[in-house]
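Asks: sequence below, structure please.
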Amino acid sequence: MKKTVIAAVAALAMTGTAAFAQEFPERELLGVVMWGAGGATDTVARAVNPAAEEALGKPIVVLNKSGGAGAISTAYVNTAAADGYTFLYGAENPQLHPVMGVSDLDYSGFTPINILGRGVAVIVVPADSKYADMSELMADIEANPGGVIMGSTGPGGLPSTIGALIANSAPFEVTAIPFDGEGPGLTAMLGGEVDFMPSGISAAAEQIKAGNMRALAVVNTEPVDTLPDTPAITDAIPDMAGFLPWGPFYGVFVKNGTPDDVVAKMTAAFDTAAQSETFTTLMANRGNIVMNMSGQEAVDFLAKWQQVTAWALQDTGAAKVSPEELGIARP
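Replies: Numbers count the residues shown, from 1 in each chain. Predicted coordinates:
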């Protein structure tokens, strides 16, 4: 008798799960953007949102909930029901919250529906720089430790993180001068205050097009469509390949525990949306790479990104908590 009751309960549970998935979504969804309106994450979210709405057959309300470097929005979604109706339009920041002492919650508490895309960085110099290519820059850095000046945005920023990745791959003792963002740093470089600077393509693209600066390398394992004639950094520094791909990224996440069939429906919808012309055009115009990655591939990408970046921050003295204490292995 006991076995019969258990079997009946199990059957009811399975029937209920199937019915829930078949009906999802029954109502509008809420996509929580972790940064403010008009920022990069918001722009990417609003570009992919219409096609996702069409694929799911229900509206998706976009809510900007900034603060705490993404910790507020991440906690907000984490306290909502694990049913797919509230999800996160997130960037890379939560993967660094534990090592920066911001929050214990990172993307290990979420299921990646889709890693939509990532930004790409470049190493730039003034147009009249003496460095013809990345190899010449690296040779001068090795020959003159501390004598070459790099523009930066301070510990933990994109330039210092890339500098740490290079330093783990080749001799790279430079003097870094911090500025209040990539824009001021690039302006200072054009004024002769620094010799070179790692920067996001989107920040440097217009100056490159105008002929005011040159890109020596893209921080990638192969050239990108935005700068097809600029070589990959691995041409000059082959050991960098172990840290790539790297760059700020954008994705869609639901709380762990969301039913598998709901995850599958959302994954299919955002796979379609990530291939829409509106989204792919926006990403191309901003120099970003469309990744459209889900499942275990997305989980592996998140883990590697966290490993690489957390240890880069540790090596530059920016980390508040050692990655080793958090169980994050050195890549």
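Asks: okay, now the closest residue to Thr267 other than its chain neighbours: neighbour count?
Replies: For Thr267, ignoring the flanking residues on the chain, the nearest one in space by C-beta to C-beta, 6 or more residues apart in numbering is Ser294 at 4.9 Å. From N, CA and C alone the C-beta is placed, and that goes for glycine too. Ser294 is flanked by 23 other residues according to other C-beta atoms under 10 Å.
Asks: who touches the helix or strand where Ala217 lies?
Replies: Assigned by DSSP states H and E, Ala217 belongs to strand 213-218. With contact meaning C-beta atoms under 8 Å, 6 or more residues apart in numbering, strand 213-218 is reached by 120-127, 129, 131, 133-134, 137, 186, 189-190, 196, 201, 204, 207-208, 224, 227, 230-233, 235-236.
Asks: distance from the chain centre to it, please.
Replies: Computed by C-alpha atoms, centre = their mean, to the nearest Å, the chain-centroid distance of strand 213-218 equals 21 Å.
Asks: report the buried residues of it.
Replies: Buried residues in strand 213-218, counted by 16 or more other C-beta atoms under 10 Å: Met213, Arg214, Ala215, Leu216, Ala217, Val218.
Asks: what do you get for stretch 270-283?
Replies: Under 16+ other C-beta under 10 Å, the buried positions of stretch 270-283 are Phe270, Asp271, Thr272, Ala273, Ala274, Ser276, Phe279, Thr280, Leu282, Met283.
Asks: re the thing from before, any of the contacts of strand 213-218 buried? List them.
Replies: Among the contacts of strand 213-218, those classed as buried by 16+ other C-beta under 10 Å are 120-126, 129, 131, 133-134, 137, 186, 189-190, 196, 201, 204, 207-208, 224, 227, 230-233, 235-236.
Asks: looking at those residues, which are in helices?
Replies: Met134, Leu137, Leu186, Met189, Leu190, Ile201, Ala204, Gln207, Ile208 (DSSP state H).
Asks: closest to Glu53 among those?
Replies: Using C-beta to C-beta, Ile201 comes nearest to Glu53 of these, at 29.2 Å.
Asks: hmm, Thr230 and that closest one touching each other?
Replies: No - Ile201 is beyond contact range of Thr230, at 9.4 Å (criterion: C-beta atoms under 8 Å).
Asks: give the residues shared as contacts by these two.
Replies: Common contacts of Ile201 and Thr230, defined by C-beta under 8 Å, 6+ apart, comprise Val122, Val218, Val224.
Asks: quick one: buried residues of stretch 108-124?
Replies: Quick answer for stretch 108-124 (16+ other C-beta under 10 Å): 109-124.
Asks: following element in sequence after the helix or strand bottoming out on mean pLDDT in the chain, please.
Replies: When each helix and strand of the chain is scored by mean pLDDT, DSSP states H and E, helix 2-23 comes last, with a mean of 46. Counting by DSSP H and E, the element after helix 2-23 in chain order, helix or strand, is strand 29-33.
Asks: who's in contact with that next one?
Replies: 41-42, 45, 49, 56, 58-66, 73, 76-77, 84-89, 252.
Asks: can I get the buried part of the residues you listed as one PyMOL selection?
Replies: Entered in PyMOL, the line below selects the buried ones among the contacts of strand 29-33, by 16+ other C-beta under 10 Å:
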select buried, resi 41+42+45+49+56+58+60+62+64+65+66+73+76+77+84+85+86+87+88+89+252
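Asks: any regions of the stretch 51-200 of the chain where pLDDT drops low?
Replies: Within the stretch 51-200 of the chain, the set of residues satisfying pLDDT under 70 comprises 155-156.
Asks: got the domain ranges for this protein?
Replies: Domain assignment for the chain, taken from the TED database, gives 29-118+247-326, 121-243.
Asks: can you give me the end-to-end distance of the last one?
Replies: Its start and end residues considered, domain 121-243 measures 13 Å (C-alpha to C-alpha, to the nearest Å).
Asks: how about the longest one?
Replies: Chord length of domain 29-118+247-326, first to last residue, is 34 Å (C-alpha to C-alpha).
Asks: helices of the stretch 51-200 of the chain, start to end?
Replies: Residue ranges of the helices in the stretch 51-200 of the chain, as given by DSSP state H, counting those that start in this stretch, are 71-79, 134-143, 158-167, 182-190.
Asks: tell me what the first one is packed against?
Replies: Right, helix 71-79. strand 29-33, strand 86-91, strand 249-255 (3 or more C-beta pairs under 8 Å, 6 or more residues apart in numbering; DSSP states H and E).
Asks: measure stretch 133-149 end to end?
Replies: Its start and end residues considered, stretch 133-149 measures 16 Å (C-alpha to C-alpha).
Asks: gap between that stretch and the chain center?
Replies: 29 Å.
Asks: all numbers from here: first residue = 23
Replies: Yes, from this point I'll number from 23; that puts the last item at stretch 155-171.
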